[in-house]
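Enquirer: Quick one, fold the following:
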Amino acid sequence: MTGPADILDRYRALGWRIAAAESCTGGMVMAALTDVPGSSDVVERGFVTYSNAAKVEMLGVKEQTIYAVGAVSEEVAREMAEGALEFSNADVTVSITGIAGPGGSEHKPEGRVCFGLAMNNKPTHTETVEFGPLGRANVRANSVQKALDLLKYAADMM
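Expert: Take a look at the predicted model:
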């Protein structure tokens with residue numbers, strides 16, 4: 001399990017900055033990172049793009065993508081992460097879009113969360129995790145931990 005302080009130390013050593021584009025977690029990744037004193041030299045900015053309009057307006061997600069595959073998709077997670085990279089001074093960005101619950105549907109069940117990880121001069125990584133119907137708080141907490149793990153993965157790649 002990767003902790004925020006460890007990630008900040010790794011990024012600080014690399015001279016990298018982080019941004020996040022969050023939907024279902026509503027800023028919880030940035031909150032976890034900025035809970036650590038001294039995080040301002042690593043944390044660049046966060047985008048809370050809960051609505052589809054915010055994804056389009058703030059991150060440049062294509063309306064056609066949302067219409068074709070829905071907001072909870074690896075395609076939208078990719079565009080969110082790449083948009084956060086474009087519209088920030090970060091070196092690495094992580095994105096989260098999912099169904100925290102309650103609810104969902106047969107095609108997009110509660111607990112499905114899609115992630116994106118974008119870095120300068122690297123291909124964007126996306127993945128989907130099926131956390132299942134753990135309840136809203138648990139899906140969101142697990143999503144934050146997964147995002148932190150992805151940030152650690154990016155640092156490990158260097």
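
Enquirer: Just say helix, strand or coil for Arg45.
Expert: Using DSSP: H, G, I helix; E, B strand; the rest coil, the structure places Arg45 in strand.

Enquirer: what does Ser40 give?
Expert: Using three-state DSSP, the secondary structure recorded for Ser40 is helix.

Enquirer: tell me the pLDDT at the residue nearest to it when sequence neighbours are not counted?
Expert: Among residues not flanking Ser40 along the chain, Thr34 sits closest, at 7.8 Å (CB to CB, 6 or more residues apart in numbering). Where C-beta positions appear, they are placed from N, C-alpha and C, glycine not excepted. Looking at Thr34, its pLDDT reads 98.

Enquirer: is it true that Thr34 touches Val43?
Expert: Yes. Thr34 is within contact range of Val43, at 5.7 Å (criterion: CB atoms under 8 Å).

Enquirer: out of those two, which sits in the busier spot?
Expert: Comparing Thr34 with Val43 by other CB atoms under 10 Å, the one with more neighbours is Val43, at 21 against 16.
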